[in-house]
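K.L.:
For reference, the sequence and a predicted model appear below.
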Amino acid sequence: MTAAWHKASRDAAGVVGAVLVALLLGFAVLGPLVAGNAPDAIDLARRLQPPSALHWMGTDELGRDLFSRLANGAWPSLMAALLVVGTTVTLGTLAGTLSALAGGWADAALMRVIDVLLAVPALVLAMALAAALGPSLVNALIALVIVRLPVFVRLARAQALLLRDRGFTEAARLAGAGRWHIMRHHLLPNLAGIMLVQGLMDIAAVILGAAALGFIGLGAQPPSPEWGGLVASGRHFMADAWWLGLFPGLALVLAAAGFNLLGDAVRDILDPRQERTP
């Protein structure tokens with residue numbers, strides 16, 4: 001543990017990622033508490049005001065405080081991403097591992113379904129599913145789960161196939177252990193690290209995916225302060241109110257960068273054979 005912490009502390013990019021994620025969590029928890037204005041309080045007399053001491057990030061077209069809306073949208077956006085990733089990691093790991101152990105026609109059929117899903121661009125498929133289900137945050141999250149699930153199924157299956165023929169699994173099989181025992185005690189513990197890394201890095205993709213669906217009106221609906229919706233609202237006032245699109249867009253970029261850098265650092269810690277590409 002000490003060696004891993006020492007290695008992590010020397011990884012500048014990993015430290016930056018950890019700091020960004022910590023700041024995001026702090027903003028999500030403390031931001032709504034320090035914001036002096038209600039996120040949905042309309043004040044037309046203060047509409048489209050630039051950043052000031054009273055409104056740190058300015059106001060929108062309805063006079064609502066942008067800092068308050070951005071802060072109140074941080075926690076739902078983060079929790080939505082964690083829910084999607086947690087669901088896809090769990091289901092993907094189980095499905096991929098079971099597929100590798102089962103083999104035969106069941107494995108082949110599942111892989112053909114995965115191939116079809118992976119053949120369609122992720123954002124296009126998410127848009128189609130969200131549009132078919134109807135515009136809402138819940139339906140957008142369901143669409144993202146369906147889109148991201150094949151990545152984890154394929155990854156878990158590939159790793160499980162490698163582990164299935166290792167000496168310790170062969171020994172367990174010869175000792176009379178069944179598939180469930182091998183899966184619980186030999187495959188899943190060895191898959192945990194790589195699935196954790198992939199999950200951390202996938203949080204960034206889910207945050208951006210949810211924001212993209214919100215941007216085109218297929219995600220969270222107004223007056224929800226979801227970050228993608230805030231960027232969409234700001235695009236109409238880019239010439240006169242630059243702050244409306246800048247601050248939500250910057251928040252999305254920093255959140256995605258933080259989770260990507262953190263996931264990359266965790267990967268290097270868990271697998272010392274991998275070197276960070278320059």
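P.N.:
On my side now, so go ahead.
K.L.:
Ignoring the adjacent residues along the chain, who's closest to the residue positioned nearest the centre of the chain?
P.N.:
Taking C-alpha atoms, centre = their mean as the criterion, Ile203 is the residue nearest the geometric centre of the chain, at 1.8 Å. Closest residue to Ile203 in three dimensions, ignoring its sequence neighbours and counting by C-beta to C-beta, 6 or more residues apart in numbering: Phe259, at 4.4 Å. Yep, even glycine has a C-beta here, placed from its N, CA and C like the rest.
K.L.:
residues near the one you found, how many?
P.N.:
Counted with other C-beta atoms under 10 Å, residues neighbouring Phe259 total 26.
K.L.:
Next, report how far the host helix or strand of it is displaced from the centre of its chain.
P.N.:
For Phe259, the enclosing helix or strand under DSSP states H and E is helix 243-270. Averaging C-alpha coordinates over helix 243-270 and over its chain gives two centres that are 10 Å apart (C-alpha atoms, centre = their mean, to the nearest Å).
K.L.:
if we can go back for a sec, surely the residue nearest to Ile203 is in contact with Ala22?
P.N.:
No - taking contacts as C-beta atoms under 8 Å, Phe259 lies outside contact range of Ala22: 11.6 Å.
K.L.:
what sits up against whatever helix or strand Gly14 lives in?
P.N.:
Assigning secondary structure by DSSP H and E places Gly14 in helix 12-34. Among residues not part of helix 12-34, those counted as contacts by C-beta atoms under 8 Å, 6 or more residues apart in numbering are 8-9, 39, 67-68, 70-72, 74-75, 78, 254-255, 257-266, 268, 276.
K.L.:
what does stretch 127-139 give?
P.N.:
76, 80, 140, 142-143, 146-147, 210, 213-214, 216-221, 224, 226.
K.L.:
and it, C-alpha only, in CSV?
P.N.:
Extracted C-alpha coordinates of stretch 127-139, given in CSV (Å, rounded to 0.1, in the frame of the first residue of the first chain):
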residue,chain,number,x,y,z
MET,A,127,-29.8,9.3,-29.1
ALA,A,128,-32.0,6.7,-30.9
LEU,A,129,-32.8,4.9,-27.7
ALA,A,130,-33.5,8.1,-25.7
ALA,A,131,-35.8,9.4,-28.5
ALA,A,132,-37.7,6.1,-28.6
LEU,A,133,-38.1,6.0,-24.8
GLY,A,134,-39.0,9.6,-24.5
PRO,A,135,-37.1,12.7,-23.3
SER,A,136,-36.3,12.4,-19.6
LEU,A,137,-33.3,11.9,-17.4
VAL,A,138,-34.3,8.3,-16.4
ASN,A,139,-34.7,7.3,-20.1
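K.L.:
which of the contacts of stretch 127-139 count as buried?
P.N.:
The neighbour-count test (16 or more other C-beta atoms under 10 Å) applied to the contacts of stretch 127-139 identifies 76, 80, 140, 142-143, 146-147, 210, 213-214, 218-220, 224, 226 as buried.
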